[in-house]
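Undergrad: Structure for this input, please:
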Amino acid sequence: MPMTHDDAVARLRTCPGWQLQGDALVRQFTFPSFADAVAFIVRLGFDAEASDHHPDLLVRYRKVTVTWSTHSEGGVTERDFAGVAQADSAAAAFGAGQ
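TA: Numbers count the residues shown, from 1 in each chain. Predicted coordinates:
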């Protein structure tokens with residue numbers, strides 16, 4: 001079941017850099033190089049596959065925008081916040097800045 005808008009906004013207070021856009025959690029990461037951005041995508045891809053929950057990814061040179069939403073539930077769920085934690089951890093490993 002998707003979270004209410006207010007619940008998602010409250011949870012985001014503990015997730016710096018992330019925003020609620022419609023029914024999704026979104027953040028753009030900037031990496032030191034294109035290779036670091038691609039390495040981040042590969043790492044996040046393996047994490048997402050292991051949890052059977054996959055983000056939308058947009059790559060523009062050193063910038064990667066990650067979007068989490070549980071489409072089958074019609075909005076943001078706990079699974080998306082678990083994805084946020086995965087993305088933040090992987091991004092830090094590859095030197096992402098804001």
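
Undergrad: which intervals of this protein have sub-threshold pLDDT?
TA: For the chain, the stretches with pLDDT under 70 are 98.

Undergrad: Give the next helix or strand downstream of the helix ranked longest in it.
TA: Of all segments of type helix in the chain, defined using DSSP state H, the longest is helix 34-51. Next helix or strand after helix 34-51 toward the C-terminus (DSSP states H and E): strand 56-60.

Undergrad: Paired strands for that following strand, with orientation please.
TA: Paired with strand 56-60 in the same sheet, following DSSP bridges, are strand 63-68 (antiparallel).

Undergrad: Show me the contact partners of the very next helix or strand once past the partner strand.
TA: Sequence order places helix 78-93 as the next helix or strand after strand 63-68, per DSSP H and E. Here helix 78-93 makes contact (CB atoms under 8 Å, 6 or more residues apart in numbering) with 3, 11, 15, 17-18, 24-25, 27, 29, 31, 40, 43-44, 47-48, 51, 53, 55, 66, 68-70. (C-beta placed from N, C-alpha, C; glycine too.)

Undergrad: Please state the offset of helix 78-93 from the chain centre?
TA: In terms of CA atoms, centre = their mean, to the nearest Å, the centre of helix 78-93 is set 6 Å apart from its chain centre.

Undergrad: sorry, back to before: report the buried members of the contacts of helix 78-93.
TA: 3, 11, 15, 18, 24-25, 27, 29, 31, 40, 43-44, 47-48, 53, 55, 66, 68-70 (16 or more other CB atoms under 10 Å).

Undergrad: about what we covered before: helices and strands around the longest helix of the chain, which ones?
TA: Counting contacts by 3 or more CB pairs under 8 Å, 6 or more residues apart in numbering; DSSP states H and E, helix 34-51 is packed against strand 56-60, strand 63-68, helix 78-93.
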